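**Q** show me the folded form of this:
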Amino acid sequence: MKSNLLYIGNKLSKHGYTVTSIETLGVLLEKEGYQLVYASSKKSKTIRMFDMIWATIKYRNKVDYVLIDTYSTKNFWYAFFVSQLCRILKMKYLPKLHGGDLPNRILRSPKMCDMIFKNAYGNVAPSLYLLEAFSNRGYAPIQYIPNTIELKNYPFKLRENTAPKLLWVRSFTSIYNPEMAIMVFQELKKEYPQAELCMVGPDKDGTLLKIKALAKKKRLDVKFTGKLSKQEWIKLSEGYDVFINTTHFDNTPVSVIEAMALGLPIVSTNVGGITYLLENNKTALLVNDNDMQGMTMAIKKIIQNRDLKQHLVKNAQHLVQEFDWDKVKNKWDEVLK
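**A** Coordinates of the predicted model:
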C-alpha cells in the first residue's frame, strides 16, 4: 500500500499563476496510488502560511510524510515554519528543493537552513547542481530525483529547416531576465527582418508590463500570450524553431526539458543548474549570463548550420528520456516506501 502524503506548496494556478510542482508531481503521485492532501491554494501569502500550518496540525496523525516545496525567495519561510512544526509534531518531512539560488540562501541563512535540512527525513534535489551544493554543506540524507514530464504528452517535431522564430517560456520576473530576449530579438532582426519572438507566461512581479513597454519603445512586434495551459503552449511550439532561456539563475527548468522533448534546439544562459543539465555544443548552445551578442550568434549558428541543429536535437532527445515519469517514479517509490 502506498503512503499518505501532505504536500505543502504554492497551488496557485487557479489564480492565474504558473503551475508548479505541487500540481504536476502531486497528480503523478496520485496516479501511482499515493493518497495526497494539499496546502495551499490561498492567494494571500499570510493566509496561505496559516493554511499550511493548520493542515500540518490537522493531518499530523493521518499522513506518513510531509513533502515541502522549498524555494530560496520569500517562499523559503513556508518551508522553514512548516518544517519546524513537523519537528515539534514528530512528523517525517522531505524538502523538495527548487530554485537555482538556493545555495545562496544557505550562505545568507545558514542557521535556519541547518534547522530545516539537517533535521529532514530526507532532502530531494531535482538537479545535480543542488545535490552537489547540499552534499557539500553536509545535508544528508539527500536524494537526486529530477524534475519530470510524461514524454508521451510531448509530440516530437523534426524541423527540417530552421527559421528565426524564437520561443521563450517562463514567468515574467526579473530573475528570468526577459529583457535579454527582447535585446537578442532586436539584434537578430538586423540580419533577419522576418524574425519572430513569442514570449509565453504570466506576470509575477510587474515585469511583464516593463517588457511590453520595452518592446513597444524599440518598435518590435513581440507576441505576448500570457499564461497558457500546457496543451496550449505545446501546440503553439509547432510554429517556432528555436527555444531561448535567458535566466540569471536556474535549477533544472521544466520548460527546457519540455522544449527538448518537442524537438526544439536550445540556446540558454549557462547559469546555476544549467551546467549540470545541458552540455555546450552537445545538447544545447550555452552563453554567459546576459551575453546578448553571444546568444544572438548562437541562434544564427543554429539557423545557418543544419547539421549542428540536428546534432543538438538528437542528443537532447536522448537526454530527455532520463526525465520521463516512467523512470523517475521509481526514485519516488524508493524515498516514500
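**Q** which residue is the nearest non-sequential neighbour of the spatially most central residue of the chain?
**A** In the chain, the residue lying closest to the centroid (C-alpha atoms, centre = their mean) is P253, at 3.2 Å. Distance criterion C-beta to C-beta, 6 or more residues apart in numbering; nearest residue to P253, sequence neighbours excluded, is N245 at 6.6 Å. Heads up, the C-betas are built off the backbone N, CA and C, glycines and all.
**Q** how many neighbouring residues does that neighbour have?
**A** 27 (other C-beta atoms under 10 Å).
**Q** ok, it touching V254?
**A** No. The criterion here is C-beta atoms under 8 Å, and N245 misses it with V254 at 11.4 Å.
**Q** hang on, the earlier thing: enumerate every residue touching the residue nearest to P253.
**A** Residues counted as contacts of N245 (C-beta atoms under 8 Å, 6 or more residues apart in numbering) are W168, R170, P253, S255, V256, I266, V267, S268, T269, I274.
**Q** for I182, see how far away the third one is.
**A** Right, the one you point to is P253. Going from P253 to I182 by C-beta to C-beta, to the nearest Å gives 19 Å.
**Q** re earlier: now the phi/psi pair for the residue nearest to P253, please.
**A** phi -130, psi 110 (degrees, to the nearest 10).
**Q** now do it, the pLDDT please.
**A** Listed pLDDT for N245 reads 98.
**Q** and it, what are its bridge partners?
**A** In this structure, N245 bridges to S268 when assessed by DSSP bridges.
**Q** the closest residue to Y144 other than its chain neighbours - how many residues pack around it?
**A** Using C-beta to C-beta, 6+ apart and skipping residues adjacent in sequence, the residue nearest Y144 is L131, 4.8 Å away. Residues contacting L131 under the criterion other C-beta under 10 Å number 21.
**Q** helix or strand: which one has L131?
**A** Element membership for L131, per DSSP states H and E: helix 128-137.
**Q** ok, V200 touching K230?
**A** No. Contact between V200 and K230 fails when scored by C-beta under 8 Å: they sit 10.8 Å apart.
**Q** looking at the two, which has the bigger crowd around it?
**A** Legend: neighbour count by other C-beta under 10 Å for V200 and K230, higher for V200 (22 against 14).
**Q** who's in contact with the closest residue to the more buried one other than its chain neighbours?
**A** Take V200 and drop its neighbours on the chain: the residue closest to it by C-beta to C-beta, 6+ apart is V169, 4.5 Å away. With contact set as C-beta under 8 Å, 6+ apart, V169 has these partners: M199, V200, G201, W233, F243, S255, E258, A259.
**Q** now V169: how far from L29?
**A** 24 Å.
**Q** now do the helices in the stretch 201-337 of the chain.
**A** Counting by DSSP state H, counting those that start in this stretch, the stretch 201-337 of the chain has helices at residues 207-217, 230-237, 254-261, 274-277, 292-304, 306-320, 325-335.
**Q** dump the fourth one to PDB, keeping only the CA atoms.
**A** Below are the C-alpha coordinates for helix 274-277, written out as PDB (Å, rounded to 0.1, in the frame of the first residue of the first chain):
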ATOM      1  CA  ILE A 274      22.000  24.600 -16.400                       C
ATOM      2  CA  THR A 275      25.700  23.500 -16.400                       C
ATOM      3  CA  TYR A 276      24.600  20.200 -14.900                       C
ATOM      4  CA  LEU A 277      21.700  19.800 -17.200                       C
END
